[in-house]
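S.K.: Sequence and predicted structure below; questions after.
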Amino acid sequence: MSKKLPLILNVCDPGLTSNSKNQTKNQIFHNLSSHAKTVSTDMFNTQWHALLGNYCPDVVYFSVLPSSKVNIESLKEMKNHYPNLLVVFTFTFSDETEANIFSENILPYIDIVTSNMIDINALVGASVDSKITELHLLLKMKHSSLSCHWLIQDGDFSVDTWTNWLLDQDSIVGFHSTYLFSDQRKKTGIQSETSDGLYSSFTCFLAHGYDVLDATTMAKAYTKSAALVGCPGWPLQIENLPLITSCINGDYSKKIQMLDSLKETGQQKTDQSFAKMDLDKMGLYPVVDTIDWLDLILKQGVKIAQLRIKNPEDPYLENKIQKAIALGEKHNAQVFINDYWQQAILFGAYGVHLGQGDLDIADLSKIQQAGLRLGISTHGYYEIARAQNIQPSYIALGHIFPTQTKDMPSQPQGLNRLNHYARLLKGKVPTVAIGGISIERFTDVAKTGVDSVAVVSAITKADNPEEVTTLLLSKFNLVKAEQTKKSVSI
Ligand SMILES: Cc1ncc(COP(=O)(O)OP(=O)(O)O)c(N)n1
Ligand SMILES: Cc1ncsc1CCOP(=O)(O)O
Ligand SMILES: [Mg+2]
């Protein structure tokens, strides 16, 4: 059965429903495997109920229109009937009256406002050269009770850098793309990132079910490849991912901000990259919590594994970490220590695995300078872009399927997304898939092209763990052999 394509209800000014701007938008929707139904504001105002009933859109996108053209009652009723329906609104400032209508009547029903810096500055009465932190403060003061996101487009022609800011009540995230007047760019003749392209692709990714951070990251990658090659498809080039900076009051550490700002000031990528993995020793990646388990799997020929002890009060923690390192050396295997980066440095581990929260407290420069490998957990495009800034030894992608082993705040990614991530990162940084990977699902996961497949319960809950370990090792080798055969015959 074919999957229904995401649908966007595109509401715009009556005179603009069939103009060339809308054709460009429709092309973007098409390139990104979405459908759009374009209607005028008049039609939305009078027939929103029937439109929503007939088309069941994933996102309603108010693209080019003055705020005063939207019937507030229709908008309000729609949001009351469909509270989970995402509403994106592109705000353009024309005069104070329009701005007041937008702030007072429209904004309460909008999930994401897309706009450019000049219009948002005008909306809140900020000067044109105000810093993003000042703008954030003014927005918070003016709209303190609101929980929507603001995606703001900014650009600097003089350095050919195009920045988007994603603001909410608590954080500012910057997404920067630099073109440096590239030759490819000159060929396409596209002078700047077009905000229409950015907002339309952003809306598409939302309709596909990505969250605002992932959708912004992907829209930046999409518009960058559009400027470079003209008419791109799904974002599959890691070079086009934006540089992510300036997370304040958010979840991210000063350490990562420091790495980001080092990059911003032109620090060479290679200066900070973490030690490399031995790719030939990736493959089945068991994650276990005791030395006995580690011993068992390494004896079966596993060459990459992790010691993951979740009790920091374990009285034998240091002893176990030392034993894990020694076992790795004995079996010539790449053994990672989960979480305890200081002990891993102290005892000379092969590598450390850190999740997004761990990155807040770890000293990444110390890990890198000690020559340890670093693996980082990610759960989508935004975190992949951030992890890529850090240049880790591998990027873990998860969780792929529902798992009983760890409480996950995010949704399972599924094989389709994993396929895209694996293609995006192939040849750039080694990848590890993790989460809910059973014996039955193992081959399909390996076939996505990831370098390693991490499992916990598939081995630790098995009746015969030794047998399952050898089975999974051979399953991985089989897929790898088929992939090598294919790449040779192409
Ligand atoms: C290979 C691999 N991928 C992901 C994780 C999860 O790390 P994290 O998000 O820090 O969660 P904990 O494992 O610490 O609970 C991992 N350990 N290994
Ligand atoms: C540690 C971890 N990180 C993301 S999912 C997961 C647990 C995976 O365990 P299982 O293979 O049993 O689903
Ligand atoms: Mg962790």
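M.R.: Here it is on my side, so go on. The structure displayed is predicted, hence computed values, not measured ones. Ligands and ions are numbered 1, 2, ... in the order given.

S.K.: make it CA atoms for all contacts and neighbour counts henceforth
M.R.: Will do.

S.K.: near ligand 2, which residues of the stretch 301-450 of the chain?
M.R.: Residues of the stretch 301-450 of the chain lying close to ligand 2 (Cα under 6 Å from any ligand atom) are 398-399, 403-406, 434-437.

S.K.: where's the residue nearest to H49 when sequence neighbours are not counted, which helix or strand?
M.R.: If the residues on either side of it in the chain are set aside, H49 comes closest to M78, at 7.3 Å by Cα to Cα, 6 or more residues apart in numbering. Applying DSSP states H and E as the criterion places M78 in helix 72-81.

S.K.: And S201, how close does it get to D214?
M.R.: Taking Cα to Cα, to the nearest Å as the measure, S201 falls 12 Å from D214.

S.K.: More neighbours: those two, which one.
M.R.: Counted by other Cα atoms under 10 Å, S201 and D214 do not tie: S201 has more neighbours, with 26 against 21.

S.K.: who's in contact with the residue nearest to that one when sequence neighbours are not counted?
M.R.: Leaving aside its chain neighbours, S201 sits nearest to A219 (5.3 Å; criterion: Cα to Cα, 6+ apart). A219 makes contact with 198-199, 201-202, 205, according to Cα atoms under 8 Å, 6 or more residues apart in numbering.

S.K.: Next SSE downstream of the strand or helix carrying A219?
M.R.: Applying DSSP H and E as the criterion places A219 in helix 212-229. Per DSSP H and E, helix 212-229 leads on to strand 243-245 as the next helix or strand towards the C-terminus.

S.K.: elements contacting that following strand?
M.R.: When contacts are defined as 3 or more Cα pairs under 8 Å, 6 or more residues apart in numbering; DSSP states H and E, strand 243-245 sits against strand 172-178, helix 254-264, helix 381-390.

S.K.: From ligand 2, how far out is V88?
M.R.: 32 Å (Cα to the nearest ligand atom, to the nearest Å).

S.K.: wait, that residue sits on I106?
M.R.: No. Using Cα atoms under 8 Å as the test, V88 is too far from I106 to be in contact (11.1 Å).

S.K.: Looking at the two, which one has more neighbours?
M.R.: Set V88 next to I106 and count neighbours by other Cα under 10 Å: V88 wins out with 26 against 20.

S.K.: can I get the CA coordinates of the helix or strand containing the more buried one in CSV?
M.R.: In the assignment (DSSP H and E), V88 maps to strand 86-90. Output of strand 86-90 as CSV, limited to C-alpha atoms (Å, rounded to 0.1, in the frame of the first residue of the first chain):
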residue,chain,number,x,y,z
LEU,A,86,0.3,23.0,12.9
VAL,A,87,-0.2,26.5,11.7
VAL,A,88,2.6,28.4,10.0
PHE,A,89,2.2,32.1,9.3
THR,A,90,4.6,34.3,7.3
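
S.K.: Pull out the buried residues from the next helix or strand after it.
M.R.: Downstream of strand 86-90, the first helix or strand assigned by DSSP H and E is helix 96-101. Buried positions in helix 96-101, judged by neighbour count with 16 or more other Cα atoms under 10 Å: 98-99, 101.

S.K.: Could you name the helices and strands sitting against helix 96-101?
M.R.: Under the contact criterion of 3+ Cα pairs under 8 Å, 6+ apart, helix 96-101 touches no helix or strand at all.

S.K.: Around ligand 3, pick out the residues from the stretch 351-490 of the chain.
M.R.: 354-355 (Cα under 5 Å from the ion).

S.K.: can you pull out the helices in the stretch 351-490 of the chain?
M.R.: 364-369, 381-390, 414-425, 439-446, 457-460, 465-489 (DSSP state H, counting those that start in this stretch).

S.K.: ok, Q334 - contacts?
M.R.: Residues near Q334 by Cα under 8 Å, 6+ apart: 281, 303-305, 328, 350-351.

S.K.: mind running it again at 6 Å?
M.R.: By Cα atoms under 6 Å, 6 or more residues apart in numbering, Q334 lies in contact with 303-304.

S.K.: and it, what are its bridge partners?
M.R.: For Q334, the beta-bridge partners under DSSP bridges are I304.

S.K.: What distance do you get for it to ligand 2?
M.R.: Using Cα to the nearest ligand atom, we find Q334 at a distance of 17 Å from ligand 2.

S.K.: try V468
M.R.: V468 sits 13 Å away from ligand 2 when distances are taken as Cα to the nearest ligand atom.

S.K.: picking that back up, what is the burial count for the residue nearest to H49?
M.R.: There are 16 residues near M78, going by other Cα under 10 Å.

S.K.: Kindly report the same for T469.
M.R.: For T469, the count of nearby residues is 26 (other Cα under 10 Å).

S.K.: returning to that earlier point: how about the helix holding A219, which residues are buried there?
M.R.: 212-228.

S.K.: do the same with stretch 102-121
M.R.: For stretch 102-121, burial by neighbour count (16+ other Cα under 10 Å) applies to 102-103, 105-121.

S.K.: just stretch 288-307 next, same as before
M.R.: By neighbour count on 16+ other Cα under 10 Å, the buried set for stretch 288-307 is 288-289, 293-295, 297-298, 302-307.

S.K.: okay, the residue of the stretch 1-150 of the chain found nearest ligand 3: pLDDT?
M.R.: Here the stretch 1-150 of the chain gets closest to ligand 3 at one residue, H149, 28.6 Å apart by Cα to the ion. If you check H149, the pLDDT there is 95.

S.K.: My guess is it contacts T114. True?
M.R.: No. The pair H149 / T114 is not scored as a contact, 8.5 Å apart, by Cα atoms under 6 Å.

S.K.: low pLDDT regions in the stretch 301-450 of the chain?
M.R.: For the stretch 301-450 of the chain, no stretch is flagged by pLDDT under 70.

S.K.: what's the neighbour count on whichever residue of the chain sits closest to ligand 1?
M.R.: Distances between the chain and ligand 1 by Cα to the nearest ligand atom are smallest at G355, namely 3.1 Å. Counted with other Cα under 10 Å, residues neighbouring G355 total 15.

S.K.: That one against H379, yeah?
M.R.: No. The pair G355 and H379 does not pass the contact test of Cα under 6 Å, sitting 9.9 Å apart.

S.K.: need the contact list for G398.
M.R.: When contacts are taken as Cα under 6 Å, 6+ apart, G398 is in contact with 379, 434-435.

S.K.: Among those, which ones lie close to ligand 1?
M.R.: I434.

S.K.: need the contacts of G398 in a markdown table with neighbour count, can you?
M.R.: Shown next, in a markdown table, are the contacts of G398 (neighbours: other Cα atoms under 10 Å):
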| residue | neighbour count |
| --- | --- |
| H379 | 19 |
| I434 | 23 |
| G435 | 24 |
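
S.K.: quick one: which of the contacts of G398 sit in strands?
M.R.: With strands taken from DSSP state E, the overlap with the contacts of G398 comprises I434.

S.K.: In space, what's closest to A454 - neighbours in sequence excluded?
M.R.: Per Cα to Cα, 6+ apart, closest to A454 is Y285, 4.3 Å.

S.K.: Only C-alpha atoms, please: export the host helix or strand of that neighbour in CSV.
M.R.: Using DSSP H and E, Y285 sits in strand 284-288. Written as CSV, here are the backbone C-alpha positions of strand 284-288 (Å, rounded to 0.1, in the frame of the first residue of the first chain):
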residue,chain,number,x,y,z
LEU,A,284,27.8,-5.7,15.4
TYR,A,285,28.1,-3.4,18.4
PRO,A,286,26.8,-4.9,21.6
VAL,A,287,26.2,-2.5,24.5
VAL,A,288,26.5,-4.4,27.9
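
S.K.: Show me how far whatever helix or strand comes next after that strand is from its chain's centre.
M.R.: Per DSSP H and E, the first helix or strand lying C-terminal to strand 284-288 is helix 291-299. Once both centres are worked out by Cα atoms, centre = their mean, to the nearest Å, helix 291-299 turns out to sit 34 Å from its chain's centre.
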